[in-house]
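1. just a sequence and a predicted model for now, questions to come.
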Amino acid sequence: MDSDLMRYLEVIDAKSDAINQLSDEIWAYAETAFSETRSVEALTAFLAKEGFAVKKGVYGVDTAFTAEYGSGRPRIGFLGEFDALSGMSQVAEAVEKIDIVCGGNGHGCGHNLLGAGSAAAAMAVKQYLDDGHEGTVVYYGCPGEEGGSGKAFMARDGAFQDLDFAVTWHPASVNEVNKDSSLANFQVLYSFTGRSSHAADCPEMGRSALDALELMNVGANFLREHMIDQARIHYAITNTGGFSPNVVQSQAKAIYLIRAPKIKLAHELYQRVNQIAEGAALMTGTTVESQLIKSCANIVPNRVLEKVLYESLNEIGVPEYTEEEYKKAAAYAKMAPEGAEKKFNELIDDHLLPENKAFLKANRHNPIADFIVPYEDIHIVKTGAGSTDVADTSWMCPVSQVHTVTWAPYTPAHSWQAVSQGKSSVAHKGMLYAGKVMALAAMKMLKQPEKIAAARAEWKEELEGQTYITIPAGIRPRPISDIG
């Protein structure tokens with residue numbers, strides 16, 4: 001145990017009330033992708049007060065920022081997120097679905113905790129640097145992770161490339177080091193234009209954009225049989241051309257999200273969907289315009305960083321919980337949607353040795369997952385079902401991330417249950433735990449530069465022969481309200 005480093009974590013305990021308050025403030029703002037102005041103000045004010053040099057509107061993204069302290073190398077980064085989800089409004093601490101504002105926003109993925117927890121980690125590493133150690137710590141304020149891939153835009157314009165390594169975390173229902181990769185994706189707006197006419201009197205004069213869109217959707221659904229199992233295609237129709245069935249619709253639009261385990265595979269699938277759209281336009285005598293909204297890559301895992309994070313998880317140890325916290329968590333677990341328990345069990349079973357599976361089977365029904373999922377040093381990279389723009393950072397420098405308990409078991413992300421628990425004492429404990437784990441891991445790396453070298457060597461080896469596909473220069477980040 002690095003007992004000499006533990007004292008630098010005391011600042012997190014000393015300022016826990018302020019960190020919790022910061023997280024709760026961002027929870028209340030609940031701002032969606034690229035509209036997080038008040039959340040940015042709260043985070044930058046906190047970090048500036050702690051002595052960080054803040055720069056706003058960096059890397060071409062209005063709500064992106066950096067907060068930097070120290071000088072020279074190594075340069076380490078902490079990634080912070082703070083965007084919410086639309087339609088996820090929910091009263092805090094309620095064990096039932098109650099909107100604050102009908103149709104309003106909510107932190108269904110815990111990014112209020114994520115941003116504040118990473119700030120806590122940066123603050124602790126600052127204490128280490130203040131004690132005469134060389135290096136620079138940079139907090140990256142990363143907007144628009146939910147459907148916006150803010151880090152991909154930032155990476156395109158130069159962010160993260162000067163870092164020796166970066167660490168981050170995510171709220172969860174288990175304590176673990178993330179070993180998985182993720183699905184790369186492309187998000188595209190398809191806009192069909194036809195010619196309106198009276199649908200009964202002169203239908204032959206019309207060219208239906210809605211027909212074209214429907215044919216495109218049919219074609220995309222047939223494509224599913226001819227793509228790899230782990231690929232995904234989702235779409236949302238945003239414009240059907242109006243509400244008059246006696247008019248041939250001249251406009252129709254849909255947003256597609258196209259995913260695959262590697263950025264190259266996702267790009268190839270994106271090109272095939274483009275061809276389907278063009279074919280639908282050809283069949284209906286309409287035209288189609290495809291507009292790329294954003295993309296993100298697949299995560300490049302780093303085993304060196306993962307092991308250091310796992311050591312840190314164990315050295316700090318799982319928070320202690322009260323009887324009331326266990327009782328409340330059990331109530332949330334009972335409210336989980338059907339199938340959530342099975343999903344949770346699959347999550348903690350993946351790639352585990354028999355003895356570790358036995359350990360988890362004995363503990364998985366705890367009202368709070370008050371244990372650490374064993375880390376197994378095997379070179380099997382599983383691709384998770386979701387996507388994250390942390391992946392784009394991982395193409396710029398070595399990155400790893402930890403998950404800590406902020407939710408009751410069986411709580412799915414992007415749910416009202418996650419929003420409701422976002423200000424709870426369990427969530428606060430998990431956030432502070434994550435901050436300490438990340439800070440300790442970063443200080444361990446700073447103390448042992450040979451591990452930084454090993455992490456970078458592994459990173460370069462993993463990337464060998466692969467090509468990062470950037471978002472084209474002319475595409476700018478767009479708030480959800482501006483799309484479609």
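-> Cool, the structure landed.
2. just give me how far stretch 86-93 sits from the chain centre.
-> 19 Å (CA atoms, centre = their mean, to the nearest Å).
3. now do the buried residues in it.
-> Neighbour counts over stretch 86-93 (16 or more other CB atoms under 10 Å) mark Ser86, Met88, Ser89, Gln90, Ala92 as buried. C-beta coordinates here come from the backbone N, C-alpha and C atoms, glycine included.
4. again, but for stretch 34-54
-> For stretch 34-54, a neighbour-count test (16+ other CB under 10 Å) marks 34-36, 39-40, 42-44, 46-47, 50, 52, 54 as buried.
5. residue ranges in the stretch 301-450 of the chain under the pLDDT threshold?
-> 343-355, 362, 378-381 (pLDDT under 70).
6. tell me the phi and psi of Ala67?
-> Backbone geometry at Ala67, expressed as degrees, to the nearest 10, gives phi -130, psi 110.
7. please determine how far it is located from Gly150.
-> Using CB to CB, to the nearest Å, we find Ala67 at a distance of 16 Å from Gly150.
8. these two: which is more packed in?
-> Here Ala67 and Gly150 are set side by side on neighbour count (other CB atoms under 10 Å), and the busier one is Gly150, at 30 against 27.
9. just the CA atoms of stretch 455-475, as PDB, please.
-> Once non-C-alpha atoms are left out, stretch 455-475 reads as follows in PDB (Å, rounded to 0.1, in the frame of the first residue of the first chain):
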ATOM      1  CA  ALA A 455       1.100   2.200 -20.500                       C
ATOM      2  CA  ARG A 456       2.200   4.200 -23.500                       C
ATOM      3  CA  ALA A 457       4.000   1.200 -25.000                       C
ATOM      4  CA  GLU A 458       0.900  -0.900 -24.700                       C
ATOM      5  CA  TRP A 459      -1.200   1.800 -26.100                       C
ATOM      6  CA  LYS A 460       1.000   2.200 -29.200                       C
ATOM      7  CA  GLU A 461       1.000  -1.600 -29.700                       C
ATOM      8  CA  GLU A 462      -2.800  -1.700 -29.500                       C
ATOM      9  CA  LEU A 463      -3.200   1.100 -32.100                       C
ATOM     10  CA  GLU A 464      -0.600  -0.300 -34.600                       C
ATOM     11  CA  GLY A 465      -2.200  -0.800 -38.000                       C
ATOM     12  CA  GLN A 466      -5.400   1.000 -37.100                       C
ATOM     13  CA  THR A 467      -6.700   4.300 -38.400                       C
ATOM     14  CA  TYR A 468      -8.600   6.900 -36.400                       C
ATOM     15  CA  ILE A 469     -11.500   8.300 -38.400                       C
ATOM     16  CA  THR A 470     -12.100  11.900 -37.300                       C
ATOM     17  CA  ILE A 471     -15.300  14.000 -37.600                       C
ATOM     18  CA  PRO A 472     -14.900  16.100 -40.700                       C
ATOM     19  CA  ALA A 473     -13.700  19.700 -40.100                       C
ATOM     20  CA  GLY A 474     -16.900  21.400 -41.300                       C
ATOM     21  CA  ILE A 475     -19.200  19.700 -38.800                       C
END
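10. and the average pLDDT for that stretch is what?
-> Mean pLDDT, stretch 455-475: 94.
11. quick one, helices of the stretch 201-350 of the chain?
-> Counting by DSSP state H, counting those that start in this stretch, the segments of the stretch 201-350 of the chain that form helices are 209-223, 263-284, 303-316, 323-334, 340-349.
12. so how far is the third one off the chain centroid?
-> Think helix 303-316. The chain centre lies 21 Å from the centre of helix 303-316; the measure is CA atoms, centre = their mean.
13. how about that helix: buried residues?
-> Neighbour counts using 16+ other CB under 10 Å place 303-313, 315-316 of helix 303-316 among the buried residues.
14. could those go into TSV alongside distance to His267?
-> Supplementary listing: those in TSV, determined by distance: CB to CB, whole Å:
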residue	distance to His267
Arg303	27
Val304	29
Leu305	27
Glu306	27
Lys307	32
Val308	33
Leu309	31
Tyr310	33
Glu311	37
Ser312	36
Leu313	35
Glu315	41
Ile316	40
